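Colleague: quick one: sequence and predicted model below, then my questions.
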Amino acid sequence: DELQQRGSFAGKALTPLQLKANFRSSPDLVNWVNDCFKILFTDRGRHYEAALPQRENAGEVCIHPQVLGQKVDAKLSAGQAEAREIVALIQQVQAKDVVSGASSSVAILVRNRGHLKHIVPALKAANLHFSGQDIDSLSATPAVMDFMALLRALWHEADNVAWASLVRAPFVGLSWDDLLLLREPGGLLRDAIMSSDVCALLSQDGQRALTHLRDTVTWIEICPQSRDLRWALRSAWHLLGGPACIEPHQQGDIDRVLALLDEYAPAGLLEDIRTLERALERLYAVPPSSNIELMTIHKSKGLEFDVVILPGTGASGRNADRDLLAWQRLRGHMIFAPKPQRSGADHAAEKLYRYMSDTQARALDEEIDRLIYVALTRAKRALHVFGVAQMNSKGDVAATSGSVLHRLWASVGDAFERAEVIEDSDLVAPLRVPMAPRLRNLHIASQPVWQVPKPPESPLQRAQRQTENAVLEDNIEDRAVGIVFHELMERLGRRNDREQWVLDNDRLQRGVTQRLRHHCHPEPGLDDSVNRVMTLVTNTLACEKGQWILASYQWQASEQTIRRMIGGQWQTLILDRVFIDQDRCWIVDYKTAQAKGNKQRFFDEQADRYRTKMRIYQQALHATGVECAITTALYFPAHQYLLVLDET
């Protein structure tokens, strides 16, 4: 606007050009849109430059009116009738495509997503697949609802609602009758599910389903990795056959939930599930590919479709009502005008408020006009306008102020004047919980419970299966001790003032206590574990081999991460301590285990257990470009012993 008023840019005169050619729409549509906007622009005192059609194909503009009688409240039934008519219209388009061999694109454009509340269920009920941008809330899709039920059940054993939703999910498939039998004993639903005595009371199908679920939950719980909720959720989802029960495009929705879980449970520990659920509610499902698209008018800018459907044009927008406070920016200043409490109390204040409200109303009309132009010009072949008007107290049919229909009334009002008037208000139906009938599928019921095929084991996984790394100790106390000791060794390997740091015994003990609690060490026995960690650190620093491992070298690293393709899969390797001393590279793995009997037998067992994994570390380090000889070793601080494994 500023350039247009100045008429120049960078000292050069500007010549305004008006684009008139319409290469998209049929002549019938272009001419109808021209007629609409001539009226709209005339009302605003402006000139409208008519577009010139460049195509020669036939087109149509159809108005689908509904009119409510005076004081008739039938918006629900009118919305449902509109949705049914839209479904029938799309089915007609598809039927014509079958005959002609065409593939027509259909767009349902709305002012806001709330105008789709009757249309989306109607399309789903008619099995019409559609693609909707920011339409379906991610948390409301069936696949994600089942996935979240599994997540909540794993997160909290006492969440009966989650466990009930889980057993009703398609990958478990328990019937309502069996679920009621499970609830008869009372108490926690999970306890009933895990009880073989209770499950024996169920039908044969129910017993098979719960046996599969119980075996899956039991296997996950005995795995040390189950403390990581992310691992437990992924494993349970695949073991129960979740991926086999969703559409291919829904896998993207599941992946987004997992990515969100990684964000809110970075260490596998989810502290507040409501925070995760609130974040999930702000996301939308990934739409499948379809010729039927649902979107807001704003999202449709720059797009084109064979058939455009505009539902809900009679509904007002969110900004239609007059605000309690009218405001306007004028020359860098803000002017506010509160709505007068009663008419005539303050004539000047009332005039100011009315003036500013009228200004805002005109701005709203201009915004609606822009939306109308975008919506009407998306159609190539056919345009269908749906709307609901109502008879006012004078008996005249009128559109709601602030609606798209109100702005188009001069062009479409005749169709509403001729429409049949709806005289009956909606009946308030009694509140009930809908329950779809469950038909027993004899073919499915006769099949064995689906089992996930076991993937081939990679060399690293085979090595890890044979190990009892401190990070994955079955005993939670030993696990926490191992993690904290590794953390301390990493810090000691990187500090030059390690002697002074360790001498501050009280501070070190407080830090060890805090880190053990952080890694879920139970309070009973905490002092013993603190003393154990302190002893391991003291042994390391007092040991000649320990001092040699932690010494400073020209090239050294602690907790060195290496990414490598092993067995067709990317694996992350973490080397506790690696350094080069006298042209030889050493890879040292810390082991907090302690011999309970014969030491030599213990060291031999440890060597057999870890040799394969250490060879993988050795090969991975060679692949990074290390050219000198590499030696692998295990260091046992409890015995102040360095066990050398392989040399190359």
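Modeller: In hand now; what should we look at? The structure presented is a predicted model; accordingly, all values stated were derived computationally and were not measured.
Colleague: can you tell me the closest non-neighbouring residue to residue 561?
Modeller: By the measure of C-beta to C-beta, 6 or more residues apart in numbering, the closest residue to residue 561 outside its immediate chain neighbours is residue 574, 5.7 Å from it. (Each C-beta comes from the backbone N, C-alpha and C, glycine too.)
Colleague: ok, residue 426 next?
Modeller: Going by C-beta to C-beta, 6+ apart, residue 426 has residue 76 as its nearest residue, at 4.6 Å.
Colleague: how close does residue 365 get to residue 387?
Modeller: 17 Å (C-beta to C-beta, to the nearest Å).
Colleague: residues near residue 114, how many?
Modeller: In terms of burial, residue 114 registers 10 neighbours under the definition other C-beta atoms under 10 Å.
Colleague: which residues does it contact?
Modeller: Residue 114 is in contact with residue 315, counting by C-beta atoms under 8 Å, 6 or more residues apart in numbering.
Colleague: more neighbours, residue 365 and residue 387?
Modeller: residue 387 (28 against 17).
Colleague: direction included, what does the helix or strand harbouring that one pair against?
Modeller: Taking DSSP states H and E as the criterion, residue 387 maps to strand 379-391. On the basis of DSSP bridges, the sheet neighbours of strand 379-391 come out as strand 60-68 (parallel), strand 305-310 (parallel), strand 397-398 (antiparallel).
Colleague: closest to residue 476 out of these?
Modeller: Closest to residue 476 of those is strand 305-310 (C-beta to C-beta; 59.0 Å).
Colleague: sketch out the low-pLDDT regions of the chain for me.
Modeller: Judged by pLDDT under 70, the chain has its weakly predicted residues at 1-7, 43-45, 47, 317-323, 342-346, 427-475, 495-503, 565-570, 648.
Colleague: show me what the lengthiest helix in it is packed up against.
Modeller: Of all the elements of type helix in the chain, the one with the most residues (DSSP state H) is helix 347-376. For helix 347-376, the helices and strands in contact under the criterion 3 or more C-beta pairs under 8 Å, 6 or more residues apart in numbering; DSSP states H and E are helix 27-43, strand 305-310, strand 325-330, strand 333-338, helix 404-417.
Colleague: next, the angle strand 333-338 makes with it.
Modeller: In terms of direction (axes from the mean of the first three to the mean of the last three C-alpha atoms, to 10 degrees), helix 347-376 departs from strand 333-338 by 110 degrees.
Colleague: so which bits of helix 347-376 are buried?
Modeller: Neighbour counts using 16 or more other C-beta atoms under 10 Å place 350, 352-353, 356, 360-361, 364-365, 368-369, 371-372, 374-376 of helix 347-376 among the buried residues.
Colleague: ditto for stretch 484-495
Modeller: For stretch 484-495, a neighbour-count test (16+ other C-beta under 10 Å) marks 484, 485, 486, 487, 488, 489, 490, 492, 493 as buried.
Colleague: only C-alpha atoms, please: export that stretch in PDB.
Modeller: The C-alpha atoms that make up stretch 484-495 are tabulated as PDB, following Å, rounded to 0.1, in the frame of the first residue of the first chain:
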ATOM      1  CA  VAL A 484      27.900 -43.800  39.500                       C
ATOM      2  CA  PHE A 485      31.400 -45.400  39.500                       C
ATOM      3  CA  HIS A 486      31.600 -45.100  35.700                       C
ATOM      4  CA  GLU A 487      30.600 -41.400  36.100                       C
ATOM      5  CA  LEU A 488      33.300 -40.800  38.600                       C
ATOM      6  CA  MET A 489      35.900 -42.500  36.500                       C
ATOM      7  CA  GLU A 490      34.900 -40.300  33.500                       C
ATOM      8  CA  ARG A 491      35.400 -37.200  35.600                       C
ATOM      9  CA  LEU A 492      38.700 -38.400  37.100                       C
ATOM     10  CA  GLY A 493      40.000 -39.300  33.600                       C
ATOM     11  CA  ARG A 494      39.400 -35.700  32.500                       C
ATOM     12  CA  ARG A 495      40.600 -33.700  35.600                       C
END
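Colleague: next one: it to chain centre, how far?
Modeller: A distance of 37 Å separates the centroid of the chain from that of stretch 484-495, by C-alpha atoms, centre = their mean, to the nearest Å.
Colleague: and what of stretch 554-574?
Modeller: Mean C-alpha position of stretch 554-574 versus that of the full chain (C-alpha atoms, centre = their mean) differs by 31 Å.
Colleague: straight-line length of that stretch, end to end?
Modeller: Its start and end residues considered, stretch 554-574 measures 20 Å (C-alpha to C-alpha, to the nearest Å).
Colleague: now do stretch 274-290
Modeller: End-to-end distance of stretch 274-290: 34 Å, with C-alpha to C-alpha as the criterion.
Colleague: show me the contact partners of it.
Modeller: 129-141, 144, 148, 247, 249-250, 252-253, 256-257, 260-261, 263-265, 270.
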